[in-house]
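> Curious how this folds, go ahead:
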Amino acid sequence: MAKKTYWEMFEDVVDQLWLTNTFNDDTTETRRIKRDINWIQKRVLSMSKSYLKKDWVSISWGTVADQKAYDIPETVDKISLVKITVDDREYFPKELWIQDFNKFSNTEITSDIPVFYTIDKAQLVLYPTPETDSLPIELNANAYATDLDTDPWETTDETTDLEIKEWYEDTIYYYALTEWFYRLEDFTSWDRYNKRFEEMFQSYKTEVKNPTNSVVVKGSTGYVENPNYYNTLTN
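Numbers count the residues shown, from 1 in each chain. Below you'll find the predicted structure:
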């Protein structure tokens, strides 16, 4: 199996969607597919390669009055701390699981002093809801792997020729299909593709933890891609 580029993976997903008669070539939807591919690629790479240095990452523009949810920058992976600065004083809200957070968020309270936060669908959600604009929000977090898309969350359609390695391309393929049918609320198809995704993802995680075929090797910073693996495929 030849290595695929980001664009080739996108075309594979679209071809399958045409076969299911659910694809309408809508610009918004095609961008969502690319974003899904981009996201899961970074997720799987973050498991097999060492994270980049943990650092503070700013959420652009900070708080917005009466807005509780904020998009998490695409460079962010695991969040360790959230910091909000109010009148030169730093506050560190406590993280709650979404189920526990919802118990509080059902009561609409506004305040610039953060108490809790949760992560919901790639957004940072604060409680209480900030009442002032432009309070700095910073996340102490690890960084994801490199984007496949040069501008994955904007309105451009640019892509790169970066390669997706064959030892995790099935994970990416089934994840993109799973997300598509979830958005359509076609849960029968979602269940079918999600089972394949879970199977591929679990296989990938097992391989990363216990390499059996030299796809990944243990280095000084953890498991990394074996640079000689693809040479062995052609020998």
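
> Nearest to the spatial middle of this structure, which residue is it?
Trp39 (3.9 Å; CA atoms, centre = their mean).

> quick one: that one and Thr129, what's the gap?
Distance from Trp39 to Thr129, counting by CB to CB, to the nearest Å: 27 Å. Where you see a C-beta, it was placed from the backbone N, CA and C, and this is true even at glycine.

> What of Thr178?
From Thr178 to Thr129 the distance is 32 Å (CB to CB).

> try Phe201
Phe201 is 35 Å from Thr129, by CB to CB.

> by contact count, what packs against the helix or strand hosting Asp100?
Using DSSP states H and E, Asp100 sits in helix 98-105. Judged by 3 or more CB pairs under 8 Å, 6 or more residues apart in numbering; DSSP states H and E, the packing partners of helix 98-105 are strand 116-120, strand 123-127.

> Can you list the buried residues in that helix?
Residues Phe101, Ser105 are the ones in helix 98-105 that count as buried (16 or more other CB atoms under 10 Å).

> chain center to that helix: distance?
22 Å (CA atoms, centre = their mean, to the nearest Å).

> Could I get the average pLDDT for it?
Here helix 98-105 scores 81 as its mean pLDDT.

> do stretch 188-201 as well
Here the average pLDDT along stretch 188-201 is 91.

> Now tell me what touches it from outside.
Around stretch 188-201, the neighbours that count as contacts under CB atoms under 8 Å, 6 or more residues apart in numbering are Thr20, Val44, Tyr168, Asp170, Thr171, Tyr174, Tyr175, Leu177, Thr178, Phe181, Tyr182.

> Helices - which of these land there?
Judged by DSSP state H, helices contain the following of these: Val44, Asp170, Thr171, Tyr174, Tyr175, Leu177, Thr178, Phe181, Tyr182.

> can I get those residues in CSV with neighbour count, pLDDT and distance to Ile72?
What follows is the ones in helices among the contacts of stretch 188-201, written out as CSV (neighbours: other CB atoms under 10 Å; pLDDT from 0 to 100; distance: CB to CB, whole Å):
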residue, neighbour count, pLDDT, distance to Ile72
Val44, 24, 74, 19
Asp170, 17, 88, 27
Thr171, 24, 88, 22
Tyr174, 23, 92, 24
Tyr175, 25, 91, 18
Leu177, 24, 93, 24
Thr178, 22, 93, 21
Phe181, 20, 92, 24
Tyr182, 14, 91, 19
